[in-house]
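J.: Kindly generate the corresponding structure for this input.
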Amino acid sequence: MWIWGIVAVATLGAAAVVAAVAIEPGSIGGVPTPSETEAGPAPYVSVAPVPPAAPSDPGALDDGSAETLVTTVLDAVATTPPGADPAAVLAGVAEGSYLSEIAAQYQELDTNGWTISGQPVVETAVVTSLDTQVAPATAVVSACIDSSGVTTLDSAGVAFGGQTAPRSTHLFGLAQSADGTWKITSHWFPDDAAC
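T.: From the prediction side, this is the model:
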């Protein structure tokens, strides 16, 4: 399920636990795709990688830069076609468990023949914590994301049930790379996700 499609899938009563998995060449999230099992690895769809955000001073992150990063990543996920290598596409802006989560979403869509239509909109993003006393510097960003324009379609192109909460708060963990760029490293929801 896609980040912005979680509400729609949750409506169906589905739950997923995403664990960090190694992404190996020729697989999505370390799990062989159906076409790989017999004839070797299927080639990935070629997609240009998302360029990293402009570097900032050590430990510097404002709300505008955080919103730009979250928007850039969600737009890239929404427009990346099935069969693309999420590790290659998002390497400049995401890593760790978040990148594994996206790889698992790509795998779930591919396995079930599902597709996503539309894109989420980041309405607000606020840096709620910034820790410059650790290396690398880390931050937490709280983003209100409107998923009302996003629809999950089954293999027949039929939309899953309606969304009950098209807007929800998403929390993103970020880490600053040695080159000064910030990357999303984790994603979760607060106890009260209303926004």
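
J.: only C-alpha atoms for contact and neighbour calcs from this point on.
T.: Will do.

J.: Okay, and the beta partners of residue 170?
T.: As for beta bridges, residue 170 partners with residue 143 under DSSP bridges.

J.: how far away is it from residue 89?
T.: Computed as Cα to Cα, to the nearest Å, the residue 170 to residue 89 distance reads 22 Å.

J.: Ranking helices and strands of this structure by mean pLDDT, which lands last?
T.: helix 6-11 (a mean of 34; mean pLDDT, DSSP states H and E).

J.: which stretches of this structure form helices?
T.: 6-11, 36-39, 63-79, 86-90, 96-112 (DSSP state H).

J.: Now mean neighbour count and distance to residue 154 too, for these, in JSON lines please.
T.: Output for these, formatted as JSON lines (neighbours: other Cα atoms under 10 Å; distance: least, Cα to Cα, whole Å):
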{"stretch": "helix 6-11", "mean neighbour count": "20", "distance to residue 154": "11"}
{"stretch": "helix 36-39", "mean neighbour count": "10", "distance to residue 154": "23"}
{"stretch": "helix 63-79", "mean neighbour count": "19", "distance to residue 154": "16"}
{"stretch": "helix 86-90", "mean neighbour count": "22", "distance to residue 154": "21"}
{"stretch": "helix 96-112", "mean neighbour count": "21", "distance to residue 154": "8"}
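
J.: Okay, buried residues for stretch 173-189 please.
T.: By 16 or more other Cα atoms under 10 Å, the buried positions in stretch 173-189 come out as 173-177, 180-187.

J.: and which of those residues is nearest residue 70?
T.: residue 184 (7.9 Å; Cα to Cα).

J.: Would you enumerate the residues in contact with the closest one?
T.: By Cα atoms under 8 Å, 6 or more residues apart in numbering, the contact list for residue 184 reads 70, 93, 94, 95, 98, 172, 173, 174, 175.

J.: beta partners for it?
T.: Bridge pairing for residue 184 - DSSP bridges - gives residue 94, residue 174.

J.: For residue 152, see how far away it is.
T.: Distance from residue 184 to residue 152, by Cα to Cα: 24 Å.

J.: same thing with residue 182?
T.: Relative to residue 152, and taking Cα to Cα, residue 182 is found at 29 Å.

J.: Poorly predicted segments of this structure, please.
T.: By pLDDT under 70, the low-scoring segments of the chain are 1-56, 162-165.
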